[in-house]
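Enquirer: Got a predicted model here, sequence first, then my questions.
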Amino acid sequence: MTADGTPLLTAHGLLLREWTPADLPVLRELFDDPGIAYRTPLAAPFDAAAARAYLDGVTGAPRRLHLAITTDGRTPLGEVLLDRDRGTIGYVVGAAHRGRGLATRALRAMTEYAHRTEGTDRVLLEIEPDNAASAAVARSAGYRRAAGIAAETVTDKGRTYELLTWEHLAPAA
């Protein structure tokens, strides 16, 4: 939320807002999940200390926009983030809130924001080849595999894997 308490982005039935210290218990609930730990660089277990460190890190990161996904402006259901320097978006929805189209709607909202407000011509996602759910979200939000970009090999938390690049191009003016 901005200083006056309004959501930063309102689109597709979502109110996307900044994280606050009041969200620490919800951050733990959302991110302390084996599936999220497996697919993201988030700490595992995602305990109180990890939640505090995460909140401190995202609050002071002007080149990254981390927004809580909400439908009511209050209760976080997940997160969508934009790395302004790389033009990449990431998203995660808590296990209890999946299957409601939240990831697709949040990705669409952040993609539109990146194109219109940030002036990003080409927005990117990085998705593991076997992450069918994330690939389905990408397709639903209008992304396609980027041609000519080789898979990136990453090692995180003792696991080595590949990331495929997906892209969304700004609409022609």
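Expert: Cool, the structure landed. Numbers count the residues shown, from 1 in each chain.
Enquirer: Scan this structure for its longest helix.
Expert: helix 102-116 (DSSP state H).
Enquirer: what about that helix, average pLDDT?
Expert: For helix 102-116, the mean pLDDT works out to 97.
Enquirer: Now do it: everything it contacts.
Expert: Taking contacts as Cβ atoms under 8 Å, 6 or more residues apart in numbering, the residues outside helix 102-116 that touch it are 9, 11-14, 16, 65, 67, 69, 71, 77-78, 80-82, 87, 89, 91-93, 120-121, 123, 125, 134, 137-138, 140-143, 168, 170-171. The way it works is simple: take the backbone N, C-alpha and C, and place the C-beta from them, glycine included.
Enquirer: can you pull the buried residues of the very next helix or strand once past it?
Expert: Next helix or strand after helix 102-116 toward the C-terminus (DSSP states H and E): strand 122-127. Using 16 or more other Cβ atoms under 10 Å as the test for burial, strand 122-127 gives 123-127.
Enquirer: Strand 122-127 packs against which elements?
Expert: Contacts defined by 3 or more Cβ pairs under 8 Å, 6 or more residues apart in numbering; DSSP states H and E place strand 122-127 against strand 88-93, helix 102-116, helix 132-140, strand 159-169.
Enquirer: outside of that strand, which residues touch it?
Expert: 86-90, 107, 111, 114-115, 134-135, 138, 143, 146, 152, 163-170.
Enquirer: got it, and stretch 77-92?
Expert: Under Cβ under 8 Å, 6+ apart, the answer for stretch 77-92 is 16, 19, 30-31, 36, 40, 58, 63-71, 93-94, 97, 102-103, 106-107, 109-111, 113-114, 118, 120, 122-126, 137.
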